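*Asks:* Generate coordinates for the sequence data below:
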Amino acid sequence: MAAFVDRVVLHVSGGHGGHGCVSVRREKFKPLGGPDGGNGGNGGDVTLVVDNQTTTLLSFHHAPHRHAGNGGPGKGDFSNGAHGESLVLKVPDGTVVKDADGNILADLVGHGASFVAAEGGQGGLGNASLSSQKRKAPGFALLGIPGDERDIVLELKSVADIALVGFPSAGKSSLIAALSAARPKIADYPFTTLVPNLGVVQAGETRYTVADVPGLIPGASEGKGLGLEFLRHVERCAALVHVLDCGSLESDRDPLSDFDAIEAELAAYAVEPIFAQGGSGVVPLNERPRIVALNKTDLPDGQDMADMVRATLEQRGLRVFEVSAISHQGLDQLKFAMADLVRQARERTPEPEQVAEPVVIRPRSARSSRSKDFEIHREERNLEPLFRVRGAKPERWVAQTDFTNDEAVGYLADRLNRIGVEEALFKQGAKPGDAVVIGSDDDGVVFDWEPTMAAGAELLGGPRGADLRMEEQARPTREQKRREYEERKAARAAAQAEDEAERRTGVWSVDREINRLAGLAADDAPDDADQTSQAGEQRRDGADG
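*Replies:* Numbering: from 1, shown residues only. Just a heads-up that it's a prediction; the model follows:
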C-alpha cells in the first residue's frame with residue numbers, strides 16, 4: 001500500500017549553461033576565415049506541474065534531489081550547443097510551494113498550473129557572436145552560467161469544499177463512506193484514519209468534495225496527535241461539519257465538550273494567506289460557515305444524547321442534523337444542507353474564467369531581482385576599505401568570464417566601465433589598490449582596483465580582438481603604382497650618382513662619418529685625409545684588378 005506524504009523538502013537545481021567555443025575557420029585557400037565558434041546551450045528548467053492523477057508527494061520523499069539537464073558546449077563551424085532537457089515534476093492539485101524560510105512562492109491549484117522552481121543557466125557566447133567591426137578576431141568566449149539551486153518545501157493542502165472535523169472515532173470515515181463512493185479504512189479504535197480522505201458527493205445539481213480530516217484532539221494546533229499535520233487540509237474548505245459522537249460510553253466526554261474543544265483548536269490554528277489570490281480572502285477556521293452532525297443516533301443511548309444537546313447547539317445559532325452512518329438516517333438532509341453551504345460560497349467567490357493555456361508561475365530569478373544595473377557599498381575589512389559591487393549584470397558577467405584569458409578579462413573590464421562602475425567607484429572614494437568585490441562572499445571575485453587597467457582599452461595599440469591581417473586596405477591605382485615606381489627609380493639613380501662622385505674624389509661618406517664621430521675636422525688632419533685618399537686609391541685599384 002502506497003504511503004501518503006503531504007510535506008517534503010525538495011532540493012532542485014537547474015541545468016548549467018554550456019560554454020561558448022573559441023574557434024577560427026580553416027579552409028583551403030582561405031587562411032583567414034575568421035572566428036566560427038558556436039554558442040553554448042541553455043540549461044534546462046525544473047518545473048512543477050499539477051496533475052490530477054497524482055495524489056501524494058511520495059515520489060519526492062524517496063528522491064528529494066532533482067536536477068535538470070545541462071546545456072551542451074558550442075563547437076566550431078558555427079555549431080551551437082544543445083539546450084539542456086527541462087525536468088517536469090508532477091504534483092497533486094493544491095500543492096503549496098515555500099522556500100526554506102517558509103515564505104510562499106506559489107499556490108498550485110487547477111490541472112496544468114505550473115511553477116518554475118529552478119531556472120537553467122544561460123549558455124555562453126562563442127567568439128563568432130562576440131565579433132564585431134571593432135573586434136574582428138576575438139580570442140575568447142563566454143562561459144556558461146550555472147543553473148539556480150534552491151531548497152523548496154512542498155505542502156499538500158487538499159482541495160475540498162466541505163471538511164468533516166471531530167474527535168477520533170466520531171464516525172467521520174463512516175459518514176464520508178455513506179455519503180460518497182470513498183472507501184476509507186474503518187475500525188473501532190482511535191486514529192484509524194491516518195490520511196485525509198476525499199469523497200465526491202452529488203446533491204441535486206450541486207456536486208462538491210468532502211474531506212475527512214483525521215487526528216483532531218485538544219492541543220492539535222500545538223502539535224499533539226495528528227492534528228497539526230493535517231489541519232492544513234482544512235484551509236481550502238469553504239465550510240465545516242462538526243461530527244459529534246452521541247454514542248460514546250466514556251464518562252469524561254460528551255458532544256458539547258467535544259464541540260468546544262474542536263472549536264478552540266480551529267481558533268488557535270493560523271491560516272496562511274491564499275497566495276493565488278494575493279493574500280486576500282483569508283477567513284479563520286472558526287469563522288467559516290459550519291453545521292453540526294450528531295452521529296450514531298441509531299444506538300439506544302445515541303438518540304437520548306442527541307435530544308439533550310440539540311437545543312443547546314441550536315441556541316448557539318448552529319444548524320443541527322441527527323444522522324446515522326450505519327442506517328443512513330438523516331443523510332439526505334445533511335447532504336443537501338452541505339450543498340447549500342457550498343453553493344453560497346461559490347456565489348461569493350465566482351470561479352475564474354477558463355483560459356486556453358494553464359497559468360505558468362515563473363519566479364524572479366536571483367540574477368534579475370535588482371532593478372538597477374549595480375550598487376556599490378563601502379565596507380571595512382582588516383581596517384582596510386573594501387568596495388562591494390552587487391547587481392544582476394556585473395555578477396552575471398563575472399560568472400561568464402574565463403579569468404585565465406587576459407583578453408576575456410579585458411573584455412570584462414570594458415563591460416564594467418561601460419555601465420559606469422569605474423565612475424561610481426571614484427564617487428565612493430575608491431583609490432588605486434583598494435579591494436573591490438563583485439558578488440557575494442560565497443561566489444564573488446576580489447581584485448585590486450587599478451583605474452588605468454579597468455579602462456585599459458586605450459592602452460592597447462588597437463581594440464581588443466583586432467587582427468591587423470584582417471583589416472581592410474584599399475588597393476592602389478595604376479597611377480599611384482607608376483608614381484611609386486618613378487620615385488624608387490629616381491632614388492636609385494641618385495644613390496648611384498652619389499657613389500660615383502665619392503669614387504672620383506676619393507672621399508667616402510663612411511670615412512667622413514668616422515671622422516665626425518672621432519671629433520676630427522677635415523682641415524685639422526691633412527695627413528689623415530691623404531691617408532684616406534691613398535686608402536681609397538688602393539680600394540679602387542683592387543677593384544680594377
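*Asks:* Show me where the stretch 251-400 of the chain has its helices.
*Replies:* 255-268, 300-315, 331-348, 392-399 (DSSP state H, counting those that start in this stretch).
*Asks:* so what does the second one touch, helix or strand wise?
*Replies:* Identification of packing neighbours for helix 300-315 by 3 or more C-beta pairs under 8 Å, 6 or more residues apart in numbering; DSSP states H and E yields helix 255-268, strand 290-295, strand 320-322. (Glycine included, C-beta is placed from N, CA and C.)
*Asks:* In CSV: the helices of the stretch 251-400 of the chain, plus distance to Arg378.
*Replies:* Below are those laid out as CSV (distance: least, C-beta to C-beta, whole Å):
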stretch, distance to Arg378
helix 255-268, 48
helix 300-315, 68
helix 331-348, 54
helix 392-399, 16
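*Asks:* Asp441 is nearest to which of the ones you listed?
*Replies:* Proximity to Asp441 (C-beta to C-beta) singles out helix 392-399 among these, at 12.7 Å.
*Asks:* Which residues does the closest one contact?
*Replies:* Residues from elsewhere that reach helix 392-399, judged by C-beta atoms under 8 Å, 6 or more residues apart in numbering: 122, 143, 145-146, 367-370, 373-374, 412, 415-416, 419, 421, 438-439, 443-445.
*Asks:* In PyMOL, select just the buried ones from those residues.
*Replies:* Command for PyMOL, covering only those of the contacts of helix 392-399 found buried under the criterion 16 or more other C-beta atoms under 10 Å:
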select buried, resi 122+143+145+146+367+374+412+415+416+419+421+438+439+445
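*Asks:* Let's see which of the contacts of helix 392-399 end up in helices.
*Replies:* Leu412, Arg415, Leu416, Val421 (DSSP state H).
*Asks:* Please tell me I have it right and Phe321 contacts Val292.
*Replies:* Yes - contact criterion C-beta atoms under 8 Å: Phe321 and Val292 qualify, at 7.1 Å.
*Asks:* low-confidence ranges in the stretch 151-300 of the chain?
*Replies:* For the stretch 151-300 of the chain, the stretches with pLDDT under 70 are 181-196, 214-231, 248-252, 272-282.
*Asks:* where exactly do the strands run in it?
*Replies:* 162-165, 197-203, 206-212, 239-245, 290-295 (DSSP state E, counting those that start in this stretch).
*Asks:* and the shortest one, how far out from the chain's middle?
*Replies:* To tie it back to what came earlier, the one meant is strand 162-165. Computed by C-alpha atoms, centre = their mean, to the nearest Å, the chain-centroid distance of strand 162-165 equals 39 Å.
*Asks:* where does the stretch 1-150 of the chain dip in pLDDT?
*Replies:* 1-4.
*Asks:* related to what we said a few turns ago, adding distance to Val507 as columns, could you present the helices and strands packed on helix 300-315 in CSV?
*Replies:* Listed next are the helices and strands packed on helix 300-315 as CSV, based on distance: least, C-beta to C-beta, whole Å:
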stretch, distance to Val507
helix 255-268, 120
strand 290-295, 127
strand 320-322, 137
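*Asks:* highest average neighbour count across those?
*Replies:* strand 290-295 (a mean of 25; mean count of other C-beta atoms under 10 Å).
*Asks:* Mind giving me the packing neighbours of that one?
*Replies:* Partner elements for strand 290-295 (3+ C-beta pairs under 8 Å, 6+ apart): helix 172-179, strand 239-245, helix 300-315, strand 320-322, helix 331-348.
*Asks:* now do 6 Å
*Replies:* strand 239-245, strand 320-322 (3 or more C-beta pairs under 6 Å, 6 or more residues apart in numbering; DSSP states H and E).
*Asks:* just to revisit the earlier point, pick the most buried one from the strands of the stretch 151-300 of the chain.
*Replies:* The most buried one of the strands of the stretch 151-300 of the chain (mean count of other C-beta under 10 Å) is strand 162-165, showing a mean of 27.
*Asks:* Give me the contact list for that one.
*Replies:* For strand 162-165, the surrounding residues in contact (C-beta atoms under 6 Å, 6 or more residues apart in numbering) are 172, 210-213, 216, 234, 237, 239-241, 243, 262, 338.
*Asks:* and if we set it to 8 Å?
*Replies:* Against strand 162-165 from outside (C-beta under 8 Å, 6+ apart): 172, 175-176, 201, 208-213, 216, 233-234, 237-243, 262, 266, 338, 341-342.
*Asks:* same check, this time on stretch 435-453
*Replies:* Outside stretch 435-453, the residues that touch it by C-beta under 8 Å, 6+ apart are 381, 384-390, 394-395, 398-399, 403, 413, 422, 425-426, 430-434, 459.
*Asks:* hang on, the earlier thing: can you convert the strands of the stretch 151-300 of the chain into JSON lines and add a column each for distance to Lys28?
*Replies:* Converted to JSON lines, the strands of the stretch 151-300 of the chain look like this (distance: least, C-beta to C-beta, whole Å):
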{"stretch": "strand 162-165", "distance to Lys28": "78"}
{"stretch": "strand 197-203", "distance to Lys28": "72"}
{"stretch": "strand 206-212", "distance to Lys28": "73"}
{"stretch": "strand 239-245", "distance to Lys28": "81"}
{"stretch": "strand 290-295", "distance to Lys28": "86"}
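*Asks:* mind checking which of the ones you listed is nearest Phe60?
*Replies:* Once the strands of the stretch 151-300 of the chain are compared by C-beta to C-beta, strand 197-203 is nearest, at 20.2 Å.
*Asks:* wouldn't Ser327 be in contact with Asp298 here?
*Replies:* Yes - counting by C-beta under 8 Å, Ser327 touches Asp298, with 4.6 Å between them.
*Asks:* Comparing these two, which shows the higher neighbour count?
*Replies:* Asp298 (17 against 12; other C-beta atoms under 10 Å).
*Asks:* Excluding covalently adjacent residues, which one is nearest to that one?
*Replies:* Leaving aside its sequence neighbours, Asp298 sits nearest to Ser324 (C-beta to C-beta, 6 or more residues apart in numbering; 3.9 Å).
*Asks:* ditto for Gly40
*Replies:* Gly18 (2.9 Å).
*Asks:* Tell me which residues touch that neighbour, please.
*Replies:* 39-43, 70-74, 81-82, 84, 123-124, 144.
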